[in-house]
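Asker: Pasted the sequence and its predicted model underneath.
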Amino acid sequence: MPILTFTGSQHRLLLPDEIKERATPWIQRQATNAYRTADQAPFRRMIDFWFMAIAWAVRHEAQPVEKATGGLFVNLGPNPNDVRNFDEWRADLLVILAVRDFGSDSPDVANARKVIDLANRYAEAGAPLLLERLERSMDLSLPRLYQIADLLAGLVTEGTETRSGRTF
């Protein structure tokens with residue numbers, strides 16, 4: 001299988017406007033605001049929130065939406081205004097997700113557009129669930145970074161307890 005590049009051509013990353021609006025308080029870098037600290041806004045960019053929404057959907061066994069309906073928030077690609085540095089580990093995880101969903105023999109696994117479409121559909125499915133969970137645990141006296149750390153630590157603990165009795 002050829003190595004996929006997600007920044008060699010342009011790929012649109014999508015989230016519904018309502019989700020982007022609800023996620024904004026959790027994002028550090030924004031065109032309309034000065035940069036905020038990680039304590040105030042733990043996700044550095046909207047793409048970081050988008051990726052966590054995918055992971056959240058997968059972790060909670062949410063099915064991807066049938067068709068991504070969201071609006072563009074950023075392009076991956078070679079142009080100056082595109083995100084040109086897409087971490088290799090993120091790309092690898094998206095390909096693994098595509099293999100899981102499409103099957104290892106599917107030509108879609110080697111199609112970057114199909115993989116990004118799948119990722120957008122998972123992000124759209126997972127983002128409302130993630131925001132619901134984050135908003136439910138809102139505590140104005142606790143920095144948002146700590147809220148996310150507590151949430152992730154809880155998932156790790158839960159996963160460890162679930163698998164602790166297994167043998168391989």
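Answerer: Structure's in. What do you need?

Asker: From Ile54, how far out is Ala149?
Answerer: Distance of Ala149 to Ile54, given as C-beta to C-beta, to the nearest Å: 19 Å. Using the backbone N, CA and C atoms, a C-beta is placed for each residue, glycine as well.

Asker: Counting neighbours, go ahead and name the busier of these two.
Answerer: Just comparing Ala149 and Ile54: by other C-beta atoms under 10 Å the higher neighbour count belongs to Ile54, 26 against 12.

Asker: Wasn't Pro80 part of a helix?
Answerer: No. Assignment of Pro80 by DSSP: H, G, I helix; E, B strand; the rest coil gives coil, placing it outside any helix.

Asker: OK, contacts around it?
Answerer: Residues near Pro80 by C-beta atoms under 8 Å, 6 or more residues apart in numbering: none.

Asker: For the residue positioned nearest the centre of the chain, give its distance to Val156.
Answerer: Nearest residue to the geometric centre of the chain (C-alpha atoms, centre = their mean): Phe51, 1.5 Å. Computed as C-beta to C-beta, the Phe51 to Val156 distance reads 17 Å.

Asker: Same question for Thr5.
Answerer: Taking C-beta to C-beta, one finds Thr5 at 31 Å from Val156.

Asker: Settle it for me: which of those two has more neighbours?
Answerer: Thr5 (14 against 9).

Asker: so what's the more buried one closest to, chain neighbours aside?
Answerer: Ranked by C-beta to C-beta, 6 or more residues apart in numbering and with sequence neighbours excluded, the top spatial neighbour of Thr5 is Ala112, at 6.7 Å.

Asker: if I read this right, that neighbour contacts Gln10, doesn't it?
Answerer: No. The pair Ala112 / Gln10 is not scored as a contact, 10.3 Å apart, by C-beta atoms under 8 Å.
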